[in-house]
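Novice: Just need the structure, nothing else, for what follows:
(2 chains)
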Amino acid sequence: MPLTLRATLLLLLPALLLLSGLFLLPIGWFLTASIAELGTWPEILEEAEAVLLSGAVGRSLLTTGWIGLVVTLLTLLLGYPVSYALSRVRGAAFTAILLCIVLPYFTSTIVRTYAWMVLLGRNGLINQILLGLGLVAEPVNLLYNRTGVIIGMTYVLLPYMVLTLYAAMKAVDQRLLQAAEGMGASPGQIFLRVFMPLTLHGVVAGLLITFILAIGFFVTPALMGGPGDVMVAMLIEREVEITQNWPSAALMTIVLLAVTLSLYAVYSRFAEPGEAVR
Amino acid sequence: MAAGAVALEGVTKRYGAETVVADVSLAIAPGEFFTLLGPSGSGKTTTLSILAGFVTADAGRVLLGGQDMTQVPPRGRGLGMVFQNYAIFPHLDVAGNVAFPLAVKRVPKAEIATRVAEALALVKLTGFEGRYPRQLSGGQQQRVALARAIVARPGIVLMDEPLGALDKNLRYHMQVEIKEISRRLGTTVIYVTHDQEEALTMSDRIAIMEHGRIAQMGPPREVYERPDNAFVAAFLGEANLLPARRDGTGVAGPGGARLEAGAGTLPGAEGLLFIRPEKLGIAPGTAAEGPNSLAGRVRHASFLGNTVRYAVEVAEGAVLVCDAPNGAGTVLHAAGDSVLLRWRAEDCRLLAG
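Specialist: Next up, the predicted model:
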């Protein structure tokens, strides 16, 4: 039985109150109060132009977008085969793969990031192995640069991609694949002509959700990146904590929020079950 | 041997301790419409899957067009298939679905277009090329599945309960059309169903399956009128199965009534006499007259329109069902009436119990 509008609202009320009290109100207050400091509308626009087009912010926006893009594509590359395996196995193997993906997330991001730093450092495990095997003459810089940020973020974001893809792959009717086989399709053709098109909406949803999360990243780039890897979230933190330039922080927040919300609008269209096909 | 011939030789399939297909052998002639009929769990779908190559038999051989295909994967078998629930690709339009078997064989585009158009004309779906499956009715989806099965002109088409999801009227309509198309193309059809009426209407021959074995195989009229055992008799429609036993002078039914059957024998001292309800004559009367006649009392009369179905108690606990045609001037019997049931020896059969 479908719920009446009133019952639905009543059920949503506690969550709505929590969300507006702890998230919408503070962020609204932060944005309006900070921006109001700048004065009249023409003054606000002038300041916005100055901040967003300034070298540091512009560079940071580009860096954020680029890192987000690379990390998103890497999670897709690494995640697609894992999700495929996950969607095809049952029982103990399924549980094992799922635990490998989800279990690390019971540990905090900071702890996991430090763990990566142990592995990636100049005297870290990876460099010791590379040196030991004679593959490199001197330690490779895997930390405090773009490589470190990308490795760390890809690791943190991988499960979001895997689980999104898994949901799409699990929904594929196995009988369609068998039918394709019966009609003479080779395994490659079954993948390209049936499986991939049927999971494409999951790929798009996975790319969007991963990218949305990536561009808001703070801890990983702050700990694993170098001076050239300042992402927007880090810059916002700096403006608030160090330079105490709240209006500038607010302007960057608005840009980040606008990008995130528009991507989310696209995502919600793809994630809708009714739109699963085409 | 012609391209459309199909044979199974001693095919067996086990899942764990359970034998789902037990030593099945059959030979199907090119162009024949052959039906595997049975209740769920009888092994008919597994048998079809073995023919298609989705399931590998533990023992036995699969011969398609005279060639041993036992170890050949599904895509090497060149069969047309209509799947249960159609298995139409939701991301492809009608033309894309029908073109699929040709596209994966890398048939030139121009030829694909011609043959898709032909196949769609055959199933009366011309003009639907650009529609997507979710824009089609169940019957239309069924036609797409049919067009896709025949577009590559396979000598053999397998159909797994293709009409199960359609309503009764549409089902009858599609039965006629599938039969018509297969005859026109000269295709061998192997058809799986649990619906005995469908099997009787469409088939040249029927194999009735029970517990992984073929219980009986033959043309529709033969298996319907001369079942080899009680299972086949009861599965193919309403059947009267009267307890019968051998005595000094012949075979006796309930109350010692004399029974004479045109065919079959009782393998032991006891068995069953099989007779279809429509083969029973019903008339007012109180005493048996000669062999194959039983007096009884009408327990229940159901008016079905073109027939009247009577349940007649002929002895304590022995009830016979009799279908009397509602012909010109028919007098109906009412519950409680005394009636006499009679039938011909050639219409009944003695079966093992």
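Novice: contacts, neighbours, all on C-alpha from now
Specialist: Noted.
Novice: Surely B:Ala215 is in a strand?
Specialist: Yes. Assigned with DSSP: H, G, I helix; E, B strand; the rest coil, B:Ala215 falls within a strand.
Novice: how about it, what does it touch?
Specialist: Each residue near B:Ala215 by C-alpha atoms under 8 Å, 6 or more residues apart in numbering or on different chains is listed here: B:207-209, B:228-229, B:232.
Novice: same for the host helix or strand of A:Leu86, what does it pack against?
Specialist: Under the criterion DSSP states H and E, the helix or strand holding A:Leu86 is helix A:55-88. Secondary structure elements in contact with helix A:55-88, counted by 3 or more C-alpha pairs under 8 Å, 6 or more residues apart in numbering or on different chains; DSSP states H and E, are helix A:91-102, helix A:146-170, helix A:196-215, helix A:232-241.
Novice: And those: which comes nearest chain B?
Specialist: Set against chain B and scored by C-alpha to the nearest C-alpha, those come closest in helix A:196-215, at 6.7 Å.
Novice: average pLDDT across the closest one?
Specialist: With pLDDT averaged residue by residue, helix A:196-215 scores 94.
Novice: Going by neighbour count, list what's buried in that helix.
Specialist: For helix A:196-215, burial by neighbour count (16 or more other C-alpha atoms under 10 Å in any protein chain shown) applies to A:196-212, A:214-215.
Novice: cool, stretch A:233-241 as well?
Specialist: By 16+ other C-alpha under 10 Å, the buried positions in stretch A:233-241 come out as A:233-236, A:239-240.
Novice: Return the distance of it from the chain's centre.
Specialist: Taking C-alpha atoms, centre = their mean, to the nearest Å, one finds stretch A:233-241 lying 20 Å from the centre of the chain it belongs to.
Novice: what does chain A put close to chain B?
Specialist: Contacts of chain A with chain B, taken as C-alpha under 8 Å from any C-alpha of the partner chain, map to A:175-176, A:178-186, A:189, A:194, A:197-198, A:277-278.
Novice: try 10 Å
Specialist: Taking C-alpha under 10 Å from any C-alpha of the partner chain as the measure of proximity, chain A contacts chain B at A:173-187, A:189-190, A:193-194, A:197-198, A:276-278.
Novice: Would you show me how to pick out the buried ones of the residues you listed in PyMOL?
Specialist: What follows is the PyMOL syntax for the buried subset of those, where burial is set by 16+ other C-alpha under 10 Å:
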select buried, chain A and resi 176+177+178+179+180+181+182+183+184+185+186+189+190+193+194+197+198+276+277
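Novice: Filter the residues of chain A next to chain B down to the ones in helices?
Specialist: Using DSSP state H, A:174-182, A:187, A:189-190, A:197-198 are the members of those that sit in helices.
Novice: Nearest to A:Leu53 among those?
Specialist: Ranked by distance to A:Leu53 (C-alpha to C-alpha), these are led by A:Pro197 at 40.5 Å.
Novice: Excluding residues flanking it in the chain, which one is nearest the closest one?
Specialist: Spatial nearest neighbour of A:Pro197, chain neighbours left out: B:His91 (6.9 Å); criterion: C-alpha to C-alpha, 6 or more residues apart in numbering or on different chains.
Novice: hang on, that neighbour in a helix?
Specialist: No. B:His91 is assigned coil when assessed by three-state DSSP, not a helix.
Novice: Tell me how many other residues surround it.
Specialist: Residues within reach of B:His91, counting by other C-alpha atoms under 10 Å in any protein chain shown, total 18.
Novice: May I have the phi/psi pair for it?
Specialist: The main-chain torsion angles of B:His91 are listed as degrees, to the nearest 10 and equal phi -90, psi 0.
Novice: I'd say it and B:Gly130 touch.
Specialist: No. In terms of C-alpha atoms under 10 Å, B:His91 does not count as a neighbour of B:Gly130; the distance is 11.8 Å.
Novice: Mind jotting down where the helices sit in chain B?
Specialist: With helices called from DSSP H, chain B shows them at B:44-52, B:94-103, B:109-122, B:138-150, B:168-185, B:196-202, B:220-225, B:230-235.
Novice: Give me the subset of the contacts of B:Ala215 that lies in strands.
Specialist: Among the contacts of B:Ala215, the residues falling in strands (DSSP state E) are B:207-209.
Novice: In a markdown table, list those residues along with pLDDT, distance to B:Asn240 and neighbour count.
Specialist: Formatted as a markdown table, the entries for the ones in strands among the contacts of B:Ala215 read as follows, by pLDDT from 0 to 100; distance: C-alpha to C-alpha, whole Å; neighbours: other C-alpha atoms under 10 Å in any protein chain shown:
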| residue | pLDDT | distance to B:Asn240 | neighbour count |
| --- | --- | --- | --- |
| B:Ala207 | 97 | 22 | 24 |
| B:Ile208 | 97 | 19 | 26 |
| B:Met209 | 97 | 21 | 26 |
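Novice: Let's have the residues you listed in TSV, adding distance to B:Arg344.
Specialist: As requested, the ones in strands among the contacts of B:Ala215 are exported to TSV (distance: C-alpha to C-alpha, whole Å):
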residue	distance to B:Arg344
B:Ala207	27
B:Ile208	26
B:Met209	29
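Novice: quick one, what contacts the closest residue to B:Asp58 other than its chain neighbours?
Specialist: Residue nearest to B:Asp58 in three dimensions, not counting chain neighbours: B:Lys13, with 5.1 Å by C-alpha to C-alpha, 6+ apart. The contact partners of B:Lys13, by C-alpha atoms under 10 Å, 6 or more residues apart in numbering or on different chains, come to B:19-24, B:43, B:46-47, B:50, B:55-60, B:212.
Novice: State the distance from B:Lys13 to B:Phe34.
Specialist: Applying C-alpha to C-alpha, to the nearest Å, the value for B:Lys13 to B:Phe34 is 21 Å.
Novice: pretty sure B:Leu170 contacts B:Leu163?
Specialist: Yes. The pair B:Leu170 and B:Leu163 qualifies as a contact (C-alpha under 10 Å) at a distance of 8.7 Å.
Novice: So for the two, which sits in the more crowded spot?
Specialist: For B:Leu170 versus B:Leu163, the count of surrounding residues by other C-alpha under 10 Å is larger for B:Leu163: 25 against 13.
Novice: Ramachandran coordinates for that one?
Specialist: Residue torsions, per degrees, to the nearest 10, at B:Leu163 are phi -110, psi 10.
Novice: show me what contacts it?
Specialist: Contacts of B:Leu163 were listed using C-alpha under 10 Å, 6+ apart, and they are B:82-86, B:138-139, B:142, B:170-172, B:174-175, B:193, B:195, B:198.
Novice: Buried only: go through those residues for me.
Specialist: Buried, going by 16+ other C-alpha under 10 Å: B:82-86, B:138-139, B:142, B:171, B:174-175, B:193, B:195, B:198, out of the contacts of B:Leu163.
Novice: of all the buried residues of stretch A:233-241, which comes closest to B:Arg75?
Specialist: A:Ala233 (53.6 Å).
Novice: contacting residues for that closest one?
Specialist: Residues counted as contacts of A:Ala233 (C-alpha under 10 Å, 6+ apart) are A:60-61, A:64, A:215-219, A:221-222, A:239, A:249, A:252-253, A:256.
Novice: That'll do, ta.
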